[in-house]
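Q: I'll drop the sequence and a predicted model, then ask my questions.
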Amino acid sequence: MSWLRLFAGLLAVELHAAQLEVLDVPGSTLRGNPLGDPTARRVAVFLPAGADARAPMPLVIYLPGWGGSSEDAIAQGKGGWFGTVIDRLAADGLALRLAVVDGRSRFGGSQFLNSTATGRYADYVAEEIVPALRARYAVVQGGRAACIVAGHSSGAYGALLLAMNRHADFAAVVALSPDSDFETTHRPLAEQPSVRAVTRAQLDAATAPADHARLPDDGLARLIMGLCANYAPAAGQPGKFEWLYDDAGHWRTEAWQRWLDLDPLTLVRKRADAFAPAQRIYLDGAEHDEFGANIGARKIHEILRTREAPATFYEAPGHHSDHLPERLARGLAWVFGKTARDLPRTSEAGVIQQ
């Protein structure tokens with residue numbers, strides 16, 4: 001893309017910034033969550049510049065990656081990268097309403113699952129946020145124009161699981177670098193020395209009541225704790241989870257199997273009906289993904305090629321979080337049978353890249 005074209009695109013976005021509305025959601029589905037995390041949260045809702053806010057539009061629910069939330073989108077404002085995507089698609093004849101969700105937990109993320117160790121985040125999206133948006137905005141009904149769930153990384157994982165488990169609610173899914181093929185993406189992280197070194201005292205401190213909780217300084221240890229809380233909650237012990245190592249530091253195969261049971265690749269392999277024939281599935285992965293998320297996405301696509309639901313896979317340039325605006329635009333355009341124009345290449349944080 002030439003610098004002139006890039007400048008023209010950015011100038012157009014600046015002059016015609018998308019509309020942004022902030023919707024307060026009470027979070028009744030999150031009340032009583034065992035970590036004491038906030039229940040009432042905000043949703044960032046974007047629609048094209050100049051669009052009639054009352055007009056029926058397709059609805060896209062976007063789930064951010066680990067640690068991300070609607071608050072990041074609100075802070076970026078209507079001129080941020082979500083607004084850029086919405087305005088550019090509208091200019092190409094595809095007007096959408098896009099809602100960015102907050103699914104954070106004490107550990108950083110929820111994977112948008114229901115877990116007795118974190119809370120009912122799948123229900124929060126499907127049973128609270130979607131109805132709230134439908135009550136406030138007119139949503140085009142039927143086929144490709146019904147509600148779409150999209151996301152990146154952990155959010156793409158949540159998008160896949162929601163689409164698999166709630167066929168009637170989501171007509172399509174756009175999964176960008178989804179967490180999948182856990183033996184490739186997750187296990188190498190879980191076997192790092194800082195994770196193996198976590199003690200029982202650190203686990204107890206991390207899962208203590210909110211006023212007394214202390215998380216480890218090591219970010220990778222916090223991540224694996226959070227994933228354990230989402231994938232392997234301890235039965236009958238709200239807020240607790242099964243750790244991947246015993247007190248002697250030995251790997252616990254039975255705990256790891258609980259992770260694998262929730263791996264999208266495992267679920268698609270086991271369930272011929274993982275997706276409904278009418279759903280559309282867009283998968284992507286970055287060519288140089290440092291976590292290998294492209295590998296699992298490609299494997300899922302290879303399985304889906306033999307089934308009824310239309311699916312595609314795109315290997316994007318760059319790394320795990322590179323070029324998300326154009327990747328999201330490309331995925332949404334595919335769902336509707338269109339082609340998206342080039343967008344300024346940015347990272348998830350909204351930093352423009354050459």
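A: In hand now; what should we look at? Numbering: from 1, shown residues only.
Q: okay, CA-based contacts and neighbour counts for the rest of this
A: OK.
Q: any low-confidence regions in the stretch 51-200 of the chain?
A: 141-145 (pLDDT under 70).
Q: Would you point out which residue is most central in this structure?
A: In the chain, the centroid-proximal residue (C-alpha atoms, centre = their mean) is G155; its distance is 1.2 Å.
Q: what's near enough to touch that residue?
A: 62-66, 111-112, 175, 178 (C-alpha atoms under 8 Å, 6 or more residues apart in numbering).
Q: and it, what helix or strand is that in?
A: helix 154-165 (DSSP states H and E).
Q: Tell me the helices and strands packed up against the next helix or strand after that helix.
A: Downstream of helix 154-165, the next assigned helix or strand under DSSP H and E is strand 172-176. In terms of contacts (3 or more C-alpha pairs under 8 Å, 6 or more residues apart in numbering; DSSP states H and E), strand 172-176 is packed against strand 148-152, helix 154-165, strand 280-286, helix 324-335.
Q: out of those, deepest packed?
A: Of the helices and strands packed on strand 172-176, the one with the most neighbours on average (mean count of other C-alpha atoms under 10 Å) is strand 148-152, at a mean of 28.
Q: Would you map out the domains in the protein?
A: Split into domains by automatic domain parsing, the chain comes to 3-181+266-335, 185-261.
Q: Quote the end-to-end distance of the last one.
A: Using C-alpha to C-alpha, to the nearest Å, one end of domain 185-261 lies 15 Å from the other.
Q: same thing with stretch 187-194?
A: For stretch 187-194, the end-to-end distance is 13 Å (C-alpha to C-alpha).
Q: Could you tell me which residues within it count as buried?
A: Across stretch 187-194, burial judged by 16 or more other C-alpha atoms under 10 Å covers 189-190.
Q: Please apply the same query to stretch 167-177.
A: 167, 169-177.
Q: Please identify which pair of those residues lies farthest apart.
A: Farthest pair in the buried residues of stretch 167-177 (C-alpha to C-alpha) is D169 and S177. Separation: 22.3 Å.
Q: quick one: which of the contacts of G155 sit in strands?
A: 62-63, 175 (DSSP state E).
Q: Specify which member of those is nearest to A197.
A: Looking across the ones in strands among the contacts of G155 and measuring by C-alpha to C-alpha, the closest to A197 is L63, at 31.5 Å.
Q: I'd like to know how far that closest one sits from E254.
A: Distance from L63 to E254, by C-alpha to C-alpha: 29 Å.
Q: Among the two, which residue is more densely surrounded?
A: L63 (29 against 12; other C-alpha atoms under 10 Å).
Q: can you tell me the helix or strand for the nearest residue to D181 once chain neighbours are set aside?
A: Spatial nearest neighbour of D181, excluding adjacent residues (C-alpha to C-alpha, 6 or more residues apart in numbering): G296 at 4.7 Å. Secondary-structure assignment from DSSP H and E places G296 in helix 293-304.
Q: Ok, V60 next?
A: strand 59-63.
Q: Let me see the ranges of the strands in the chain.
A: Using DSSP E, strands in the chain cover 19-25, 41-47, 59-63, 97-100, 114-115, 119-120, 148-152, 172-176, 280-286, 311-316.
Q: in its sheet, what does the first one sit against?
A: Within its sheet, strand 19-25 is paired with strand 41-47 (antiparallel), according to DSSP bridges.
Q: From the chain's centroid, how far away is the strand it pairs with?
A: 15 Å (C-alpha atoms, centre = their mean, to the nearest Å).
Q: and the angle from it to strand 59-63?
A: 130 degrees (axes from the mean of the first three to the mean of the last three C-alpha atoms, to 10 degrees).
Q: Residues touching strand 41-47, excluding its own?
A: 18-27, 53, 70-71, 73-74, 78, 82-83, 86-87, 95-102.
Q: picking up where we left off before, what about the strands of the chain, which gets the closest to A248?
A: Of all the strands of the chain, strand 114-115 comes closest under C-alpha to C-alpha, at 26.8 Å.
Q: contacting residues around that closest one?
A: 120-123, 229-231, 233.
Q: Sitting in helices, which of those residues do you find?
A: Among the contacts of strand 114-115, the members falling in helices (DSSP state H) are 121-123, 229-231.
Q: Out of these, which is nearest to R106?
A: Of these, the one sitting nearest to R106 (C-alpha to C-alpha) turns out to be A229, at 10.4 Å.
Q: That closest one contacts G119, correct?
A: No: counting by C-alpha atoms under 8 Å, no contact exists between A229 and G119, whose distance comes to 9.7 Å.
Q: Compare those two (neighbour count), which wins?
A: Neighbours were counted for A229 and for G119 using other C-alpha under 10 Å; G119 has more, 29 against 26.
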